[in-house]
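K.L.:
task: produce atomic coordinates for the following.
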Amino acid sequence: MIARTLILAACLGLLGSTTSAQVSPAVAISELLSVGWDTRPEGRERAAAAYQQAVEDFPGDRQLVYAYALVRMQQRQYPEAVRLLEDYLSIERQDAQAWRAKAWLSMLMKNASASLVDLDKISQLVADEKTALTVAEQQELIGFLGRMIGFLEGPGEGAVNSSTLSAAKRKIVDRLTGTQRETFDQNVSAVIDEFGVLATAKDDAQVQEIATAEKQKRDHLAQLDKNAIEIGARKEELKLAAEKIESEAQADNDTYSRADQPLAESLANLTSQARLAERELANVSVDLLSLRAQLARERDPIIRDRLFREIDRMEILAARIDADLLSLRRRAQGIQAQRATLAAKHNQAQASFTAGLAKAQKEFQTLENQLKRASAERSKLKRPAVGNTGKVIALNKQAVALSTYETFPLEAEKQRLLDQLEAK
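P.N.:
Below is the predicted model:
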């Protein structure tokens with residue numbers, strides 16, 4: 001009937017453009033549920049707008065409030081859904097399914113005390129003969145009560161004081177008949193048993209993870225020990241290599257010193273001889289200048305002849321000294337070239353030794369750092385494994401989650417509301 005009304009309204013272009021008198025509350029609620037079941041942000045916005053419009057059109061319609069509470073549950077807006085359910089139940093206090101929704105949401109939101117109050121109200125409605133509940137609905141609600149109490153006794157243990165839970169459970173059980181108690185107890189046990197299975201699976205997985213982790217730790221520690229032995233051996237090799245390099249560098253220094261010393265002495269001797277020759281040549285040059293000055297002043301032929309002969313002799317002496325000086329300088333240059341070649345080879349060898357020593361020292365330091373990291377890692381590996389891997393954490397979350405044992409039949413409740421609207 002509602003579907004036909006919607007189709008007719010769409011064909012006539014009445015939806016969204018007609019007055020409130022032309023659209024019934026049932027149509028508005030059905031449209032709200034349809035739009036609100038879209039969980040995307042734009043769906044939430046359209047649902048909020050549709051609800052506000054429906055409230056303006058049909059103020060005080062209780063089923064409209066309940067429908068929007070279901071919408072907010074579908075959209076996982078749980079705090080607002082609880083608020084809407086409270087508003088609805090403040091008037092419709094006999095709606096057991098709405099109390100069920102509120103009890104489930106309170107437990108889901110970790111408000112176990114509030115959930116217990118709601119469960120107590122449900123048990124009152126189940127026991128009240130005036131409540132319009134079918135036998136099937138009673139059985140379903142009793143099973144729900146059992147599963148919720150079982151959750152608090154098992155997975156949710158500690159959410160409320162044990163004495164408070166016992167008192168609440170006793171009040172619920174006292175309201176049930178013998179057959180109903182059996183159903184209740186079976187559902188309590190089913191949750192606790194399932195929790196036991198999941199908890200055991202989690203514990204088994206944790207034990208397995210711990211065993212695996214301990215084996216991995218032992219293998220890793222063994223590898224670290226093996227690496228430490230290899231690093232220690234390599235460090236000894238590097239020490240010996242460094243000592244050898246230093247010894248070779250010192251030997252090269254000694255060889256260079258022995259080879260360079262006679263050359264340095266020869267060069268010093270030649271330098272000394274060259275200085276003497278330079279001084280002697282300077283003296284001869286001074287004498288030549290003096291003789292030439294005398295010759296320029298002298299007019300006596302005999303004296304002039306003697307002066308000429310003396311000048312010739314001094315020039316010959318100067319030429320000989322100059323030749324000796326040139327020879328000394330050439331020999332000195334040769335020795336300097338030998339020394340330069342020897343020094344270049346020595347410097348090259350020393351650079352090679354320095355580079356080799358630096359390389360060995362760098363590798364030695366790297367190995368030292370590796371040993372330090374291994375020591376820190378070894379300390380961590382000695383800590384006991386806890387086995388909190390992703391699998392164990394996931395199993396634990398599953399074991400203590402309300403949705404593992406009880407999920408609210410949102411689709412069925414939506415359809416129930418639609419059926420009620422259809423029947424009007």
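
K.L.:
all strands for the stretch 1-150 of the chain, in order.
P.N.:
Assigned by DSSP state E, counting those that start in this stretch, the stretch 1-150 of the chain shows no strands.

K.L.:
helices along that one, start to end?
P.N.:
2-12, 25-36, 41-57, 62-74, 78-89, 96-108, 112-127, 135-153 (DSSP state H, counting those that start in this stretch).

K.L.:
kindly format the C-alpha coordinates of the last one as CSV.
P.N.:
Provided in CSV are the C-alpha atoms of helix 135-153 (Å, rounded to 0.1, in the frame of the first residue of the first chain):
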residue,chain,number,x,y,z
VAL,A,135,5.2,-16.7,21.9
ALA,A,136,8.0,-16.4,19.2
GLU,A,137,8.7,-12.8,20.2
GLN,A,138,8.8,-13.8,23.9
GLN,A,139,11.3,-16.6,23.1
GLU,A,140,13.4,-14.3,21.0
LEU,A,141,13.5,-11.6,23.8
ILE,A,142,14.3,-14.3,26.4
GLY,A,143,17.2,-15.5,24.3
PHE,A,144,18.4,-11.9,24.0
LEU,A,145,18.2,-11.5,27.8
GLY,A,146,20.2,-14.7,28.3
ARG,A,147,22.8,-13.7,25.8
MET,A,148,23.3,-10.2,27.2
ILE,A,149,23.6,-11.6,30.8
GLY,A,150,25.9,-14.3,29.5
PHE,A,151,28.0,-11.5,27.9
LEU,A,152,28.4,-9.7,31.2
GLU,A,153,29.2,-13.0,33.0
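
K.L.:
in that helix, what counts as buried?
P.N.:
Using 16 or more other CB atoms under 10 Å as the test for burial, helix 135-153 gives 137-138, 140-153. From N, CA and C alone the C-beta is placed, and that goes for glycine too.

K.L.:
and of the residues you listed, the nearest to residue 373?
P.N.:
Checking these against residue 373 by CB to CB gives residue 151 as the nearest, at 47.9 Å.

K.L.:
wait, what's in contact with the closest one?
P.N.:
107, 191, 402, 405-406 (CB atoms under 8 Å, 6 or more residues apart in numbering).

K.L.:
how much space separates it from residue 188?
P.N.:
9 Å (CB to CB, to the nearest Å).

K.L.:
over to residue 302?
P.N.:
For residue 302, the distance to residue 188 equals 158 Å [CB to CB].

K.L.:
okay, these two: which has more neighbours?
P.N.:
residue 188 (23 against 8; other CB atoms under 10 Å).

K.L.:
what sits closest to that one if chain neighbours are left out?
P.N.:
For residue 188, ignoring the flanking residues on the chain, the nearest one in space by CB to CB, 6 or more residues apart in numbering is residue 150 at 3.9 Å.

K.L.:
ditto for residue 308
P.N.:
That would be residue 295: by CB to CB, 6+ apart, it lies 7.1 Å from residue 308.

K.L.:
quick revisit: what's the farthest-apart pair in the buried residues of helix 135-153?
P.N.:
Maximum pairwise distance in the buried residues of helix 135-153, criterion CB to CB, is 24.6 Å, between 137 and 153.

K.L.:
how many residues are close by residue 332?
P.N.:
Neighbour tally, residue 332, other CB under 10 Å: 18.
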